[in-house]
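Undergrad: the following comprises the amino acid sequence and a computationally predicted model.
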Amino acid sequence: MTKTKIASWLAMPVAAAALAACTVGGGSAAAGTDYDAMTAKVAKESFQDKGIAKVERLKQDEANRLCSAADVAGKPLDESSAKMLEAAQMKTIQWPSDGKFLGNWEAGEEVAQSGKGETWRDKAGDVNGGNCYNCHQLTKEEISFGTIGPSLYNYGKLRGVTDPNSAAAQEVVKYTWGKLYNARAYSACSLMPRFGHNGILKEQQLKDIMALLLDPKSPVNQ
């Protein structure tokens with residue numbers, strides 16, 4: 001679950017409480033009431049820092065704000081805003097510091113299987129997991145996986161990547177890195193966590209997941 005979704009989920013009950021407080025006794029809220037500001041205030045007062053989970057997480061960046069507003073309105077983000085958001089997010093992508101995109105697929109499988117991290121029980125500096133199977137199928141051996149995202153089984157094979165280091169594969173390789181780093185650079189309101197942008201995964205972990213997806217020897221491509 002993304003931080004955006006968590007924040008929205010946490011805010012829903014307090015939003016309802018704030019609205020109820022305004023209409024109790026059959027009354028109605030005053031014209032011009034700013035429910036967003038009211039909800040934000042109640043949410044801030046209702047939660048507290050606990051371990052590494054800080055109230056600061058409830059604060060939305062521009063991408064989260066626009067996508068949350070579209071979600072509340074029940075309609076997609078308009079095309080102009082979507083393109084603007086994607087362009088801004090594209091600028092945040094940091095490419096591998098040494099120019100090498102692929103790590104070790106076995107280590108990548110461990111990252112994909114792990115859902116650890118980002119909770120108040122974890123400590124600063126702990127290694128997070130990618131929790132990839134929560135949303136995707138990656139291998140034929142895996143029998144339990146989520147379907148929020150598309151199946152990634154045969155990801156590299158279906159895209160013709162027989163040698164990830166070849167010039168012919170570079171477009172796919174670069175796209176895959178960008179998608180893992182900040183999915184909103186390619187789909188404005190993507191539900192996929194912004195693993196690199198939000199510091200959820202380290203550079204080496206991203207490289208290892210890249211190998212899991214693109215190495216011909218990886219179980220993803222068998």
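TA: Received the coordinates, thanks.
Undergrad: wait, a helix at L77?
TA: No: counting by DSSP: H, G, I helix; E, B strand; the rest coil, one finds L77 to be coil, located in no helix.
Undergrad: that one: how many residues sit nearby?
TA: 20 (other C-beta atoms under 10 Å). Heads up, the C-betas are built off the backbone N, CA and C, glycines and all.
Undergrad: then N134?
TA: When counting by other C-beta under 10 Å, one arrives at 16 neighbours for N134.
Undergrad: nearest spatial neighbour of it, chain-adjacent residues omitted?
TA: Closest residue in space to N134, ignoring its immediate chain neighbours: G146 at 4.7 Å, by C-beta to C-beta, 6 or more residues apart in numbering.
Undergrad: give the contact list for that neighbour.
TA: G146 makes contacts with Y133, N134, C135, H136, as judged by C-beta atoms under 8 Å, 6 or more residues apart in numbering.
Undergrad: with Q137 instead?
TA: Here Q137 is in contact with F145, T147, S151, L152, Y153 (C-beta under 8 Å, 6+ apart).
Undergrad: and with 10 Å instead?
TA: Applying C-beta atoms under 10 Å, 6 or more residues apart in numbering to Q137 gives the contacts I143, S144, F145, G146, T147, G149, P150, S151, L152, Y153, V220.
Undergrad: now tabulate those residues in a markdown table and tack on pLDDT and secondary structure.
TA: Shown next, in a markdown table, are the contacts of Q137 (pLDDT from 0 to 100; DSSP: H, G, I helix; E, B strand; the rest coil):
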| residue | pLDDT | secondary structure |
| --- | --- | --- |
| I143 | 89 | coil |
| S144 | 91 | coil |
| F145 | 95 | coil |
| G146 | 95 | coil |
| T147 | 94 | coil |
| G149 | 96 | coil |
| P150 | 96 | coil |
| S151 | 97 | coil |
| L152 | 97 | coil |
| Y153 | 97 | coil |
| V220 | 98 | helix |
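Undergrad: make a ChimeraX selection of the buried ones in these.
TA: One line in ChimeraX is enough to select the buried members of the contacts of Q137, burial here meaning 16 or more other C-beta atoms under 10 Å:
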select :145,149,152,153,220
